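1. Okay, here's the prediction I keep looking at, along with the sequence it came from:
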Amino acid sequence: TTLAGLKQVTTTIIKPPIKTLHRFPRQCGVVQNQTQPVFEPRNSHSRSSTCPSYFRWIHEDLRPWRETGVTRGMLEKARRKAHFRVIIRDVTYRFGATTGWVFTADERGARLLLLESTSTLEDFKRMVLEDFDMEEDSLPDLELSYLPNELINTSTCPPVIIANDRQLQNFVCFVQKCVSTRLCVTSKAKVENLNEPDFDLNKSPADSTTAQEEGNSVDRGNEPAPVFVERQCEEKKEKIRRVEVDEDAYHADTMISAKEDLLQWYPGRLPDLELLFDADDRPTVRSSDYRGQQHPAPPPVFRYCSNDANLDIVFPDWSFWGWAELNIKPWAKSLVAIEEGNKMTQWEDRVPYAYWRGNPNVARTRRDLLRCNVSDQGDWNTRLYINDWATEFKEGFKNSNLENQCTHRYKIYIEGWAWSVSEKYIMACDSMTLYVRPTYYDFLIRGMVPLQHYWPIRDLGKCRSLKHAVHWGNTHLDQARKIGEEGSRYIREEVNMEFVYDYMFHLVNEYAKLLKFKPEIPLGAKEITTDSMGCPAKGRWRDFMAESMVMSPSEVSPCVMPLPYSTLELKEVLKRKANLTRQVEVWEDQYYRNLTNPNKH
């Protein structure tokens, strides 16, 4: 901010506060009478646990940019593939508990700075010049001083000057011991700025006329950083209009709201970042287009799923915050309901067949699945039902309550147009999940292991594969029940909302480390808050936003990020899964050989 006679910038330096639980204020009735989310926080006195194993895949998803980093050019190339851009920019300087003091950026052009205990005054001044976009010739006239916040408006204690390296170290030591400190930056003004109004050094930017006109406060205390969103190119918008406008728009808005919730859950913990998100299902960044040194680095695009032929960065999908069109409640609430439904029918009393209910019209593999249904021609040990969502909507979704679908010993998971959000609901039922070989993966499946969390099913010849799986389960009841229970435990304990937020937290933090540019707020971008998303919402959309809304910060730190796989470790993980899948196929082939030649058994 350039001011009359002086170029003065005042910012607040805050020690990491003692964490206290408080509720975030809301400006409309969307959260009236709303309570803390139903998921239970970890014990605030316990040490942070290590993240589940699937977090290690964050390193693999970001590996294409490890050597090059993410440049502005890469991001702009991704625009045609994305629905929206998300920019997170902070307005407060914070000191983090690291080996040095970390300044997070403000919206006045600041960058991420690191003040080490060994930094010199010259280093610090150059950081300030870059941070506030000051000219190089301002360096000789730059003056730095500081005061505790409580003494800012007193005349009896003048600011302490930082004029040499020793005084800079005194400043660092002072900040370490003091709750919060105000750093004042002063420089002689350029001639063209002399007609600007006076600025009172004793006023904080929150009190100044300039700040009031801009509607921004430099010091937000422990409030989360703002999120800005820019909708992407017309080509993508046209594509949305040709497909399912309302659903895609809702998914995009839900994901923007999810990022706002993440900032509420871990306020002040996220770095500045800029990313592009595509809310379509199928991945689009083909790895074959970016192989070899002659080819450019791929554009970084976030989406809900990817596969072995693509490089899209996998992010938790919208349904964790609810799917209003289908009356599927937010994950924390759905999980509680499914657990209650599990208790209604004991595993050994459940129907001894494989159950599936869904929409077969979205993919050929699902239409192929219907051939496996029981008929006059035969019984493949399956009970399959078509879900007509239009009828369900008219009848109040009475036949699609997830908690009422835990009545069979076996449940089938099969992809739709891409991966399917039904995965976690199916696996939460304690039934042994019969997992039809997928083409796509979401963020959680890569932590699951065949015969431990699910039973693998061939995609080609799925009817025979399903029949054998049910036969094996009914003749190995204890083992089948154990697989079902372990799959459900994995979903309940390792994919609860707490870990979903932790996954988001670590993913965007690791991504932000790769950025080679300063995140900028483009013209036309909108600042997104929970209120701006929730207040206009109606009906179930509003209800689900209220139910899933983060109302207070986490009382504990995120889980500890595991190290990346070594090349050998990754090969071993993939080899083990392939071998276990192959073992099931060998059992299946032997089963049908025995049926064909019973005398050789």
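-> Thanks, I have the structure now.
2. Measure how buried the closest residue to residue 561 other than its chain neighbours is and give me the count.
-> Of all residues not flanking residue 561 in the chain, residue 506 sits nearest, at 5.0 Å (C-beta to C-beta, 6 or more residues apart in numbering). C-beta: built from backbone N, CA, C; applies to glycine. Residues lying near residue 506 (other C-beta atoms under 10 Å) number 19.
3. Likewise for the one 10 residues further on?
-> A total of 13 residues lie near residue 516 under the criterion other C-beta under 10 Å.
4. Run through the residues that contact it.
-> Residues in contact with residue 516 (C-beta atoms under 8 Å, 6 or more residues apart in numbering) are 69, 70, 71, 72.
5. For the residues you listed, pick the one with the most neighbours.
-> Neighbour counts for the contacts of residue 516 peak at residue 70, which has 24 neighbours (criterion: other C-beta under 10 Å).
6. these two touch, right, that residue and residue 510?
-> No - judged on C-beta atoms under 8 Å, residue 70 makes no contact with residue 510 at a distance of 11.1 Å.
7. For residue 434, grab phi and psi.
-> The phi and psi values for residue 434, taken as degrees, to the nearest 10, are phi -100, psi 100.
8. any idea how far it is from residue 272?
-> The gap separating residue 434 from residue 272 is 45 Å, by C-beta to C-beta, to the nearest Å.
9. So between these two, which is more surrounded?
-> Set residue 434 next to residue 272 and count neighbours by other C-beta under 10 Å: residue 434 wins out with 26 against 21.
10. What score does residue 572 have for pLDDT?
-> pLDDT for residue 572: 97.
11. Just the element for it, please.
-> helix 567-596 (DSSP states H and E).
12. which helices and strands does that helix pack with?
-> strand 455-457, helix 462-475 (3 or more C-beta pairs under 8 Å, 6 or more residues apart in numbering; DSSP states H and E).
13. repeat that for 10 Å
-> The contact analysis (3 or more C-beta pairs under 10 Å, 6 or more residues apart in numbering; DSSP states H and E) places helix 567-596 against helix 57-61, strand 455-457, helix 462-475.
14. Distance from it to the middle of the chain?
-> 33 Å (C-alpha atoms, centre = their mean, to the nearest Å).
15. Can you list the buried residues in that helix?
-> 573, 577, 581, 584, 588, 591 (16 or more other C-beta atoms under 10 Å).
16. Buried deepest among the helices and strands packed on helix 567-596, which one?
-> Comparing the helices and strands packed on helix 567-596 by mean neighbour count (mean count of other C-beta atoms under 10 Å), strand 455-457 comes out on top with a mean of 25.
17. Other residues contacting that one?
-> Residues from elsewhere that reach strand 455-457 (C-beta atoms under 10 Å, 6 or more residues apart in numbering): 354, 369, 410, 412-414, 432-438, 450, 463-466, 468-470, 472-473, 480, 483-484, 487, 577, 580-585, 588.
18. need the next SSE after the helix or strand where the residue nearest to residue 561 lies, C-terminal direction.
-> Taking DSSP H and E as the criterion, residue 506 maps to helix 497-513. Later in the chain than helix 497-513, the nearest helix or strand by DSSP H and E is strand 526-528.
19. in its sheet, what does that next one sit against?
-> With DSSP bridges as the test, strand 526-528 is paired with strand 227-231 (antiparallel).
20. just to revisit the earlier point, state the mean pLDDT of the helix holding residue 506.
-> 94.
21. who touches the residue nearest the centre of the chain in this structure?
-> Nearest residue to the geometric centre of the chain (C-alpha atoms, centre = their mean): residue 504, 2.8 Å. The neighbourhood of residue 504, defined by C-beta under 10 Å, 6+ apart, consists of 258, 259, 261, 262, 265, 266, 270, 315, 316, 320, 443, 558.
22. mind redoing it with 7 Å?
-> Residues near residue 504 by C-beta atoms under 7 Å, 6 or more residues apart in numbering: 262, 316.
23. mind checking how far it is from residue 541?
-> With C-beta to C-beta as the criterion, residue 504 and residue 541 are 21 Å apart.
24. before we move on, which element is residue 354 in?
-> When elements are assigned from DSSP H and E, residue 354 belongs to strand 351-358.
25. List the buried residues of the next helix or strand after that strand.
-> Following strand 351-358 in sequence order, the next helix or strand is helix 364-369 (DSSP H and E). Under the neighbour-count criterion of 16+ other C-beta under 10 Å, helix 364-369 has 365, 366, 368, 369 buried.
26. what distance separates stretch 508-521 from the centre of its chain?
-> Per C-alpha atoms, centre = their mean, the centroid offset for stretch 508-521 relative to its chain is 15 Å.
27. If you count neighbours, what's buried in that stretch?
-> 508, 509, 511, 512, 514, 515, 519.
28. do the same with stretch 60-68
-> 61, 62, 64, 65.
29. okay, among the residues you listed, which ones form the most distant pair?
-> Spanning the widest gap among these are 61 and 65, at 9.7 Å by C-beta to C-beta.
30. do you know which of the helices and strands packed on helix 567-596 lies nearest residue 373?
-> Of all the helices and strands packed on helix 567-596, it is helix 462-475 that lies closest to residue 373, at 9.2 Å by C-beta to C-beta.
31. what helices or strands is the closest one leaning on?
-> Contacts defined by 3 or more C-beta pairs under 7 Å, 6 or more residues apart in numbering; DSSP states H and E place helix 462-475 against strand 351-358, strand 408-413, strand 432-436, strand 455-457, helix 567-596.
32. for the ones you listed, which one sits closest to residue 174?
-> Among the helices and strands packed on helix 462-475, if distance is taken as C-beta to C-beta, the winner is helix 567-596, at 45.9 Å.
33. and residue 563, how many neighbours?
-> 8.
34. Shouldn't it be within a helix?
-> No - assigned with DSSP: H, G, I helix; E, B strand; the rest coil, residue 563 falls outside any helix and is coil.
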